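Q: quick one: sequence and predicted model below, then my questions.
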Amino acid sequence: MINNYTLSIYRYNPETDKKPRMQSLEVDSSEVKGIMLLDLLKAAKDHDPTITFRFSCGAGICGSDGMNINGRNGLACMTQLKTLGDKIILRPLPGMPVIRDLLVDMNLFYRQYHSIKPYLQAEPPKDGKEHKQSISQRRQLDGLYECILCACCSTACPSWWWNPDKFVGPAGLLWACRFIVDSRDMKESERLEDLEGLYRLYRCRGIMNCASVCPKGLNPSAAIASVRERMLKKALGKQSYDEANQ
Amino acid sequence: MIMNDFKAREFDVIVVGGGGSGLRAAHTLSQSGLKVAVVSKVFPLRSHTVSAQGGINAALGNYGDDQWQWHMYDTVVGSDFLGDQDAIELMCKEAPETIIELEHMGLPFSRNEDGTIYQRSFGGQTLNFGQEVAHRTCCAQDRTGHALLHTLYQQNVAVATNFLNEWFAIDLVVDANGSVAGVSAIEMATGEIVFLKATATVLATGGGGQIFQSNTNAHICTGDGMAMVFRQNIGLQDMEMWQFHPTGLLGSGILISEGTRGEGGYLLNSNGERFMCDYAPHLKDLSCRDVVARCSMTEIREGRGCGPDKDHVLLKLSHLDPEVFIEKLPGITQIAMTYVGVDPRKDPIPVVPTCHYSMGGIPCNYHGQVLTVDHDGKDRKVPGLFAIGECANVSVHGANRLGANSLLDLVVLGRACGRYLQENIQSFTAVNPSHSDIERAFSRCKNLKKPSQGIDAVKLRKEMKKIMQEDFGVFREHASMEKGLKRLEVLRTMSKKITIRDQSAIFNTEMFNALELQNLIEVAYATAIAAFSRQESRGAHSRVDYPDRDDKKWLKHSIANADGTIQKRSVSKQTKFTAPIETALREH
Ligand SMILES: Cc1cc2nc3c(=O)[nH]c(=O)nc-3n(C[C@H](O)[C@H](O)[C@H](O)COP(=O)(O)OP(=O)(O)OC[C@H]3O[C@@H](n4cnc5c(N)ncnc54)[C@H](O)[C@@H]3O)c2cc1C
Ligand code: SF4
Ligand code: SF4
Ligand code: FES
């Protein structure tokens, strides 16, 4: 049983600090009400209320508390303290503008998500009932729709660090895949076209950082591969069509 | 931090809250061409609706005959007859088309073999007025709230809804005549204070389960909208009615969905007995939540609790088909493994009744119009003010909400409010508050910045939660409530003198937490006075000293006022399409 936790937290308030610093903190384990890193952070915040980070659900579903934990992106509320060793180093999600301490500006990340038109585009059935979707068609959405947009993946992706304004990033591409494979959506072709070009999808180098950090166990890299395959098929299909028509 | 002058921005409608109810209303409003803004203290996808698991009710009849009248019957009985039947009728009747609409919007519902929406069983849902168990709860595995919130957000992206994300609403701006002119707000990232002026203000701020030590609610569920209204001397309705969910995870309070019992799970005591069979032989583990929570607490109080401290019961799932864990309950399986290290396919999950949902809230009609009660007992509308979702009390849930009826409430009544405003806002008169009316709405914020007030927020929060847990929990009784209420009155005064250390303008979470704590204490106080005064047991309000329901005196809504007084309001039986359901006894 550990008596104290030793935390090293990235601190930066642009209003008062010239540059960021790491602050060391000791927290008595008796004050930590639970077994998760978020419980430790809450106890630390009771001592020093100026420590700034986002959190809400405490159950790994709202996606608020993504951070870099001992060098790896994850959610504080889903990270068990016992997996972290004696010294815990917390930094903001890499590559994002810091607003204050562990709290980053997510706007670019959301903008890339919005850029893939993340909404179903379909014609409602004429009988006024639900679209019929078989169990196996519905299963195509599993492993995709569960994304909580925590940004752990995109901010672990070197391609995203270099081109956050042009590369959609793993989270946005996972969502693109979610709509492309939905049997109800009618815009597959437009969606695939929208991802053409050097940057939007093709910046992905298959480095797999995204899949290894996703706290929900999703695999953006595989989703990207399957979209890429559809793009190829589409291009080939078009080519053979063009050839046939020459 | 500069806080002397505020800016102003003007809208036709502001919706305070980006959860399910706020986003559903906003979708209709954005399409109508009105100038609308959704104001949310978190990015909308972080709202608490995202946590909902089990599902959303509608009599779709995907398994043979089902009728909205049967759903209505269950809802009224479940409410222990405190629900308003005009609103319940609307909710249950419009449920099927609202669910279909969500499906058309893209919600990834689980499916049946024939491609229709899968529906599971849930507590209190029956066919044919109380006969067999119904399959009425539509779901997306056990992540229905996530799927619903994301879908509604996505559709708002499609119609280009205007969002003010990470903006904190402080208080209502009200003119001398009591008309609401908008809210005072802070942009959290910059600390800038802004008067958000609007012809109509819609509160969709969610619940306040954080008043209890042990709850299933997110950190942000602090009853802000309820407190904003209460501070304007508008009474809150049925605040004694807090739902305790039978299956909160031991320790953290994280919810284990009722869907687990809907799929065939059941509860066990330390003797390994399936105790619900004795208490409620008909519906057993699928009885209403208030009933199951009381039975679990009785088992624990009588020494049949489990574990070294005999402080919980067990939820057994290991007998279910292995496919169910993959297809229907993947989220729950993950939660049990991550947070208590239990694999539910092998071992039972330790659970305990945990505060979950606020049936009480801001009194309003089914257009969302906020109501007060006159001295002569008549309803009066508050000009410019609307409420939807968990912060509202319409009342579709009465004294006990049925599982999977809240998400339904969000979408049906969120849409109804949006439509009402779309059709009627032209006839509203614009309110022009004076400078001091506006300044007043920023005063809480300014006071926090004053040095040397001296009250420590952390201690205050802990004490409030302890009082609520001990004196206003599942079982209540005069003497302990009286003691708790006295102390709460002291805390309420103290809460006005909280000091904060953080003086920064940039994302000052200490300040927001202090504002939220003040809100929580108002909500706790309203709860306490309402619970203390209702001398009967009905639904979730269970008094050891008044064990029976007393329809003569208490088939009434309670209205808790900020000055400590209680009024009563009649329960509506004004149905339009079917005969009202007559009051009867209910299985307890
Ligand atoms: C764990 C859990 C599981 C549940 N499962 C189910 C289920 O399966 N089926 C079901 O029907 N119901 C379920 N419920 C209940 C249901 O999820 C909630 O009642 C419902 O989601 C509340 O939605 P809402 O729109 O009212 O508010 P919320 O989703 O809580 O959103 C509130 C919004 O208001 C904003 N806000 C609050 N205060 C302020 C402020 N001061 N300034 C600016 N913005 C503010 C927040 O940012 C947020 O956007 C569950 C509840 C819990 C706790
Ligand atoms: S894919 Fe995983 S890591 Fe990436 S945003 Fe979604 S949930 Fe987070
Ligand atoms: S697989 Fe692609 S998206 Fe994922 S981390 Fe690597 S480059 Fe980024
Ligand atoms: S606090 Fe919601 S995901 Fe961690």
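A: Sure thing, it's come through. Ligands and ions are numbered 1, 2, ... in the order given.

Q: so residue A:192 sits against residue A:231, correct?
A: Yes. Assessed by CB atoms under 8 Å, residue A:192 is found in contact with residue A:231 at 5.1 Å. C-beta here means a position set from N, CA and C on the backbone, and glycine is covered the same way.

Q: what packs against the strand ranked longest in chain B?
A: Counting by DSSP state E, the longest strand found in chain B is strand B:192-203. Under the contact criterion of 3 or more CB pairs under 8 Å, 6 or more residues apart in numbering or on different chains; DSSP states H and E, strand B:192-203 touches strand B:7-16, strand B:36-40, strand B:167-174, strand B:180-187, helix B:224-230, strand B:379-387, helix B:406-424, helix B:435-449.

Q: could you give the average pLDDT over the longest helix anywhere in chain A?
A: In chain A, with assignment by DSSP state H, the single longest helix is helix A:220-245. Averaging pLDDT along helix A:220-245 gives 85.

Q: that one and chain B, any residue contact?
A: No. Helix A:220-245 lies out of reach of chain B by CB under 8 Å from any CB of the partner chain, never closer than 15.1 Å.

Q: doesn't residue A:99 belong to a strand?
A: Yes. Per DSSP: H, G, I helix; E, B strand; the rest coil, residue A:99 lies within a strand segment.

Q: contacts only, for it.
A: By CB atoms under 8 Å, 6 or more residues apart in numbering or on different chains, residue A:99 lies in contact with A:14, A:52, A:105, B:189, B:506-507.

Q: any regions of the chain where pLDDT drops low?
A: Just so you know, I chose chain A. Applying pLDDT under 70 to chain A flags the ranges A:1-2, A:240-246.

Q: looking at chain B here, not the other one
A: Filtered on pLDDT under 70, chain B yields the residue ranges B:1-4, B:452, B:587-588.

Q: where do the strands sit along the stretch 251-400 of chain B?
A: Assigned strands in the stretch 251-400 of chain B, in chain order: B:266-268, B:313-316, B:349-358, B:362-363, B:369-373, B:379-387, B:392-393 (criterion: DSSP state E, counting those that start in this stretch).

Q: who wins for proximity to residue A:152 among those strands?
A: Proximity to residue A:152, assessed across these by CB to CB, is greatest for strand B:349-358 (27.0 Å).

Q: in PDB, list the C-alpha atoms belonging to that closest one.
A: Extracted as PDB, the C-alpha positions of strand B:349-358 are listed here (Å, rounded to 0.1, in the frame of the first residue of the first chain):
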ATOM      1  CA  ILE B 349     -21.300  -7.300  -9.500                       C
ATOM      2  CA  PRO B 350     -21.400  -5.500  -6.100                       C
ATOM      3  CA  VAL B 351     -24.200  -2.900  -6.200                       C
ATOM      4  CA  VAL B 352     -26.000  -0.500  -3.900                       C
ATOM      5  CA  PRO B 353     -28.900   1.900  -4.300                       C
ATOM      6  CA  THR B 354     -27.400   5.200  -5.400                       C
ATOM      7  CA  CYS B 355     -28.900   8.600  -6.100                       C
ATOM      8  CA  HIS B 356     -29.600   8.800  -9.800                       C
ATOM      9  CA  TYR B 357     -32.300  11.200 -11.000                       C
ATOM     10  CA  SER B 358     -34.200  14.200 -10.000                       C
END
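
Q: now that strand: how far from the chain's centre is it?
A: Distance of strand B:349-358 from its chain centroid, counting by CA atoms, centre = their mean, to the nearest Å, is 14 Å.

Q: mind giving me the packing neighbours of that strand?
A: strand B:242-249, helix B:289-301, strand B:313-316, helix B:330-340.

Q: residue contacts, residue A:215?
A: By CB under 8 Å, 6+ apart, the contact list for residue A:215 reads A:60, A:66, A:74-75, A:78, A:150, A:152.

Q: would you check that residue A:210 makes contact with residue A:223?
A: No. The pair residue A:210 / residue A:223 is not scored as a contact, 9.3 Å apart, by CB under 8 Å.

Q: ok so, going back, most tightly surrounded among the helices and strands packed on strand B:192-203?
A: By mean neighbour count, with neighbours taken as mean count of other CB atoms under 10 Å in any protein chain shown, helix B:224-230 ranks first of those at a mean of 29.

Q: so which of the strands of the stretch 251-400 of chain B is nearest ligand 4?
A: Closest to ligand 4 of these is strand B:349-358 (CB to the nearest ligand atom; 17.2 Å).

Q: quick one on the thing from earlier: and of the helices and strands packed on strand B:349-358, who's closest to ligand 3?
A: Nearest of those (CB to the nearest ligand atom): helix B:330-340, 22.2 Å.

Q: contacts only, for the residue in chain A positioned nearest to ligand 1.
A: The minimum distance from chain A to ligand 1, using CB to the nearest ligand atom, falls at residue A:59 (7.4 Å). Neighbour list for residue A:59: A:77, B:51, B:252, B:254-255, B:335, B:339 [criterion: CB under 8 Å, 6+ apart].

Q: PyMOL command to pick out the buried ones of those?
A: A single PyMOL command selects the buried members of the contacts of residue A:59 (16 or more other CB atoms under 10 Å in any protein chain shown):
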select buried, (chain A and resi 77) or (chain B and resi 51+252+254+255+335+339)
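
Q: from the contacts of residue A:59, pick the one nearest residue B:499.
A: Nearest member of these to residue B:499, counting by CB to CB, is residue A:77, at 28.8 Å.

Q: can you pull up the most central residue in the chain?
A: By default, I'm working from chain A. Chain A has residue A:151 as the residue nearest its centroid, 2.9 Å off, counting by CA atoms, centre = their mean.

Q: that's the wrong chain, I meant chain B
A: Chain B, centroid-nearest residue using CA atoms, centre = their mean: residue B:390 at 3.2 Å.
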